[in-house]
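> sequence first, predicted model second:
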Amino acid sequence: MDIRIAGKYRLGRKIGSGSFGDIYIGTHLLTGEEVGIKLESTKTKHPQLLYESKIYKILQGGTGIPNIRWYGVEGDYNVMVIDLLGPSLEDLFNFCNRKFSLKTVLMLADQMLSRIEYLHSKSFIHRDIKPDNYLMGLGRRANQVYMIDFGLAKKYRDPKSHIHIPYRENKNLTGTARYASINTHLGIEQSRRDDLESLGYVLMYFLRGSLPWQGLKAATKKQKYEKISEKKMATPTESLCKGFPTEFVVFFQYVRSLRFDDKPDYAYLRKLFRDLFVREGFTWDYVFDWTILKYAQQQNSRPSSSRPADGAYGGAAAQQREDARDAEAALRRLGLHSGTPAAADPDPFTAAMRQKTEEELRKMTVKEGQQAAEGTEEKAAADGAVTGDAATGQAGPHGQREIGGYKGPEPTRWGDWDIKGRCSDF
């Protein structure tokens with residue numbers, strides 16, 4: 001059946017479910033552009049989509065915030081049309097066999113922190129920070145992290161007077177228990193600090209592969225929440241972060257030390273992870289773990305006839321050297337290369353890229369310092385992904401990105417990502 005939305009979008013297949021509705025791919029009838037369409041039954045007991053659409057409108061223009069195209073009612077459904085995005089970080093985590101490298105986690109953390117800071121600057125807290133609610137973009141924005149699903153978001157202060165909401169207790173748990181802050185488990189009203197503590201749990205989930213309070217069994221949901229809370233409070237931060245850089249312990253110590261109405265020092269937290277990134281000798285090139293896996297898939301799926309002959313590179317020996325350089329570049333970008341850090345690496349490519357990384361991070365920091373704290377955020381991460389400077393790779397023909405040994409098209413449509421599992425939102 002051909003279902004039209006707002007007279008200009010055709011409803012396509014279902015691609016997932018969000019907190020309060022189902023998500024479909026839609027197509028603009030005139031341009032053929034793909035969009036995300038979220039449907040919510042008008043008969044639902046607690047409608048949320050209108051509220052969420054209003055928050056999207058407040059956040060419009062922010063980096064990593066999808067554009068809302070239309071909101072209205074069609075038949076028995078409330079409908080929101082929004083930018084179509086790529087897979088969620090949970091989808092990509094599964095794609096990468098449920099482990100992310102330190103390099104990937106640090107590059108993600110930088111953008112995820114900035115999305116939270118921007119939301120807070122607009123006087124809202126998210127209250128459901130989790131991997132499903134962060135998505136990667138498509139096309140030129142394939143390396144940009146987006147924040148979505150604001151159905152549980154809440155205003156924590158008056159936008160004009162900046163008067164903070166009052167401290168309250170005996171609140172029901174709102175959000176996802178796995179990533180909820182300890183104070184949320186204790187029934188304390190959520191504020192900015194709780195979004196950040198949830199982010200910390202997400203980062204450790206990515207690094208560890210799971211959290212200590214996963215898989216607990218209980219007869220009822222309430223009992224399960226209590227077990228999660230008990231395990232979370234009984235797990236020292238040092239134990240949670242064991243085997244990983246101390247910066248993650250420092251992150252938790254800082255966010256847990258914040259008082260209810262304190263404004264977090266987002267720049268301090270970003271610098272904490274950026275300094276670690278440089279010290280580890282990583283290159284800020286936006287080559288994530290899934291970038292390499294996807295590239296490997298594409299290479300393996302190419303027919304042998306389309307692969308270059310030995311002579312094209314000056315013989316088999318030259319081809320082997322070329323492959324070795326590509327493999328080493330891949331390992332270096334994943335942070336898996338052995339030996340001394342890049343600062344002491346005699347390889348001039350590594351040294352140059354390290355210097356470029358430090359320069360880019362300095363520019364990002366300076367740009368953030370120049371921007372107003374309210375209503376703006378740094379765009380360096382997203383801009384770097386598309387401007388094609390030496391650190392991020394240059395755009396080649398047909399929208400291809402060339403980084404080190406990589407030559408592969410960016411995913412521009414939902415179908416470019418053959419990922420099993422659900423995408424929780426756009």
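Cool, the structure landed.

> now name the helix or strand holding residue 26.
Element membership for residue 26, per DSSP states H and E: strand 22-28.

> any idea how far the helix or strand that that strand is followed by is from the chain center?
Per DSSP H and E, strand 22-28 leads on to strand 34-41 as the next helix or strand towards the C-terminus. Offset of strand 34-41 from its chain centre (Cα atoms, centre = their mean, to the nearest Å): 21 Å.

> next: stretch 197-215.
Worked out by Cα atoms, centre = their mean, stretch 197-215 lies 14 Å from the chain centre.

> quick one on the thing from earlier: what lines up beside the strand holding residue 26 in the sheet?
strand 9-17 (antiparallel), strand 34-41 (antiparallel) (DSSP bridges).

> contacting residues for residue 170?
Residue 170 is in contact with residue 187, counting by Cβ atoms under 8 Å, 6 or more residues apart in numbering. C-beta: built from backbone N, CA, C; applies to glycine.

> that one and residue 164: what is the separation?
19 Å (Cβ to Cβ, to the nearest Å).

> check residue 98 too.
38 Å.

> show me where this structure has helices.
49-59, 89-95, 102-121, 182-185, 192-208, 221-234, 237-240, 247-257, 266-279, 289-301, 316-334, 348-370, 380-387 (DSSP state H).

> quick one: low-confidence parts of the protein?
Per-residue confidence for the chain (pLDDT under 70) gives these ranges: 1, 18-19, 303-356, 366-426.

> circling back to that earlier point, just name the most buried of the strands paired with strand 22-28.
Of all these, strand 34-41 has the most neighbours on average by mean count of other Cβ atoms under 10 Å, namely a mean of 23.

> wait, isn't residue 41 in contact with residue 74?
No - Residue 41 is not in contact with residue 74 according to Cβ atoms under 8 Å; the separation is 11.5 Å.

> and for residue 136, the neighbour number?
23 (other Cβ atoms under 10 Å).

> could you do the one 3 residues further on as well?
One way to gauge burial is a neighbour count; for residue 139, by other Cβ under 10 Å, it gives 14.

> one more: residue 168?
Around residue 168 there are 11 residues (other Cβ under 10 Å).

> separation between the closest residue in space to it that isn't next to it in sequence and residue 125?
Nearest non-adjacent residue to residue 168, counting by Cβ to Cβ, 6 or more residues apart in numbering: residue 189, 4.1 Å away. According to Cβ to Cβ, residue 189 and residue 125 sit 10 Å apart.

> what does residue 247 give?
Taking Cβ to Cβ, one finds residue 247 at 24 Å from residue 125.

> the two: which has the busier surroundings?
residue 125 (23 against 17).

> you'd agree the more buried one is up against residue 192?
Yes - taking contacts as Cβ under 8 Å, residue 125 lies within contact range of residue 192: 6.0 Å.

> what sits in contact with each of these two?
residue 156.

> before we move on, back to that, if we go by neighbour counts, what in the strand holding residue 26 is buried?
Buried residues in strand 22-28, counting neighbours by 16 or more other Cβ atoms under 10 Å, are found at 23, 24, 25, 26, 27.

> how far out from the middle of the chain is stretch 291-307?
26 Å.

> then it to PDB, C-alphas only?
What follows is stretch 291-307, C-alpha atoms only, in PDB (Å, rounded to 0.1, in the frame of the first residue of the first chain):
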ATOM      1  CA  THR A 291      35.700   1.800   9.300                       C
ATOM      2  CA  ILE A 292      38.400  -0.800   9.100                       C
ATOM      3  CA  LEU A 293      36.000  -3.800   9.400                       C
ATOM      4  CA  LYS A 294      33.800  -2.300   6.700                       C
ATOM      5  CA  TYR A 295      36.800  -1.700   4.400                       C
ATOM      6  CA  ALA A 296      37.900  -5.300   4.900                       C
ATOM      7  CA  GLN A 297      34.500  -6.500   4.000                       C
ATOM      8  CA  GLN A 298      34.500  -4.500   0.800                       C
ATOM      9  CA  GLN A 299      38.000  -5.800  -0.100                       C
ATOM     10  CA  ASN A 300      37.000  -9.400   0.500                       C
ATOM     11  CA  SER A 301      33.800  -9.000  -1.500                       C
ATOM     12  CA  ARG A 302      35.600  -7.700  -4.600                       C
ATOM     13  CA  PRO A 303      35.900 -10.200  -7.400                       C
ATOM     14  CA  SER A 304      39.500 -11.400  -8.000                       C
ATOM     15  CA  SER A 305      39.300 -10.000 -11.600                       C
ATOM     16  CA  SER A 306      38.800  -6.500 -10.200                       C
ATOM     17  CA  ARG A 307      41.900  -6.600  -8.000                       C
END
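
> which other residues reach stretch 182-196?
116, 119-120, 125-127, 129, 154, 156, 164-175, 177, 180-181, 197, 225, 228-229, 232-233, 255-256, 258-264, 269.

> in strands, which of those fall?
Those of the contacts of stretch 182-196 mapping onto strands are 125, 154, per DSSP state E.

> weed out the non-buried ones from the contacts of stretch 182-196.
The buried subset of the contacts of stretch 182-196 (16+ other Cβ under 10 Å) comprises 116, 119-120, 125-127, 129, 154, 156, 164-165, 173, 175, 177, 180-181, 197, 225, 228-229, 232, 255, 258, 260, 264, 269.

> name the nearest residue to residue 241, ignoring sequence neighbours.
Residue 241 sits nearest to residue 248 (Cβ to Cβ, 6+ apart), 4.3 Å away.

> quick one: the one you found and residue 283, what's the gap?
Counting by Cβ to Cβ - residue 248 and residue 283 are separated by 21 Å.

> what does residue 2 give?
For residue 2 relative to residue 283 (Cβ to Cβ), the value is 48 Å.

> same drill for these two, tell me which one is more crowded.
For residue 2 versus residue 283, neighbours defined as other Cβ under 10 Å are more numerous around residue 283 (26 against 5).
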